[in-house]
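J.: need a structure here:
(2 chains)
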Amino acid sequence: MTQSSAPSLPSASLPATGKPAYLGMWMWLLQRASSILLMVLLPWHWINPYSRPVRVAVLFFVILHAAAGVRVMLTDFGIAERWHRGLVWALTGTGLIIFLYFAIGYA
Amino acid sequence: MTTEPAADPQAGKSWSVEVYRFDPERSVKGHLVSYRVPRLEKMTVLDALAYIQRYHDRSLAFRYACRLGMCGTCTVMVNDIPRWACRTSIERLGGETIRITPLRFLPVLKDVLVDYAPFFAKYRAAEAYFVPGEERAEIAPISPKSRERRAIDPNLECITCGACYASCTMLAHDAEYLGPAALNRAFTLIRDSRDGARAERLAAVGGEHGCWRCHSLFNCTEVCPKHLSPTRAITGLKRSIVLDRLRSRLR
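T.: Predicted coordinates:
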C-alpha cells in the first residue's frame, strides 16, 4: 500500500508570515519629528536668513512634513487605500526630487 | 507528565522558543521562559505551544479552537507581530529563536491567554451590530455589483481575531479608543441599506474615542491575516460623518 503524504500548504495559505513594514507609522513619526525640528529651524532661519545649511535643513524638513501631510490627506479622501505603501514611496521620491532641485539650484 | 519523544530536541535540530509566562496567583509580573522545541516539518507556532505544554510544562495557558485559520482564537504576538499561531510557520519566520507573547492592549489572564472582554465591549460602544431598518418578509435584493456591495465587500469577513487591535498604536495612547475591528464592523453596517441605525452609530463612532483618533498609519491593514483594511473603513466613517453634517447644515 502506498503511503500518501500530507498535502503541502501553498504559500498563500500561510497569511501571517510576511513581516509588516509599518511604513505609514514611520511616515507619521517623521512628520511629528519634522514639526518639532521646524519649530527650532524656522526662528533660526528668520534670525540668520543667509545661512545655507539652515536654508537647506528648512527646505528638507518642510518637504518631508508636507509629503507626510499629503499622504494623510489622500488617505482621508479615500485615494490610494489599496496601495498605501506605494504612496509612501511615491511621495518620498517626489519630495526628494523637489528637495534636490531647490537645494542645488537655489538654497 | 507525558514522556518526551525519543527524538529529543538538540542544538541545531531545534528552535529556541521564548514564551511569556504569567500566573496571577503566583506573581504580579510576567517573564519570558526559553524552551527547546524540535524542528518538525511544517511546524507552526501553535504546534510549538502544544509541544511545550505537553513535554515541558503542563500549566502553559493558551487558546485555540479550529487549528486551520478559521476562528482566529489562537492569535498571539510572535516576535512582536500579531499573528495566528496555527497559520504561522516557524521555518518561514526565519531565525533560530522565536518569542511568543500575549496580544497587546488586552488584559492577560495567564501566560499568553488574554481576556477579549474589552475588545468586544468596544463593539457594543461602537454600536457595531445590525439593527433592522424595516420589517421585511422577503430577503432584501442587493446586487453583488451594486455600489453598496462594492463599498462593503473589502471589509467583510472579519473573524475578530484581534490582530489589528494589537497592532494599533493609538490604543497605547488612548485605552478607550474603539479600535480598528469595531470601527471596521461599524463601517460595513453604515454602508448597508438594510440597517436602520446610521445616525446613532455615526454618533457613537464619531465621539472622543472614535474614528477621529485614527492617524491612518495602516498598521492594522498590514497585519490583518484576512487582508482586510480597517484603515479604509475608518477613513470611510470619517467621510460619512463629514458628509452627513454638511447635508444637515444645507437642509
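J.: Please make it C-alpha for all contacts and neighbour counts, starting now.
T.: Fine.
J.: give me the residue from chain A nearest chain B.
T.: Using Cα to the nearest Cα, the closest approach of chain A to chain B is made by A:Gly24 at 4.3 Å.
J.: What strand or helix carries that residue?
T.: helix A:23-47 (DSSP states H and E).
J.: quick one: contacts of that helix?
T.: A:51, A:54-55, A:57-58, A:61-62, A:64-65, A:68-69, A:84-85, A:88, B:215-219 (Cα atoms under 8 Å, 6 or more residues apart in numbering or on different chains).
J.: likewise stretch B:244-251?
T.: Here stretch B:244-251 makes contact (Cα under 8 Å, 6+ apart) with no residue beyond itself.
J.: can you give me how far it is from the chain middle?
T.: 35 Å (Cα atoms, centre = their mean, to the nearest Å).
J.: Number of residues surrounding the residue of chain A closest to chain B?
T.: 22 (other Cα atoms under 10 Å in any protein chain shown).
J.: before we move on, back to that, what pLDDT, on average, does the following helix or strand past the helix holding A:Gly24 get?
T.: Counting by DSSP H and E, the next helix or strand C-terminal to helix A:23-47 is helix A:52-76. With pLDDT averaged residue by residue, helix A:52-76 scores 95.
J.: buried ones in helix A:52-76?
T.: Buried residues in helix A:52-76, defined by neighbour count with 16 or more other Cα atoms under 10 Å in any protein chain shown: A:54-65, A:67-68, A:71-72, A:75-76.
J.: repeat for stretch B:122-131
T.: For stretch B:122-131, using 16+ other Cα under 10 Å, the buried residues are B:Lys122, B:Tyr123, B:Ala125, B:Ala126, B:Glu127, B:Ala128, B:Tyr129, B:Phe130.
J.: Which ones, among these, also lie beside chain A?
T.: Checked against chain A using Cα under 8 Å from any Cα of the partner chain, the buried residues of stretch B:122-131 yield no neighbours at all.
J.: Quick check: which ranges of the chain have low pLDDT?
T.: Using chain A. Along chain A, segments meeting pLDDT under 70 span A:1-18, A:107.
J.: not quite, I wanted chain B
T.: Ranges of chain B meeting pLDDT under 70: B:1-12.
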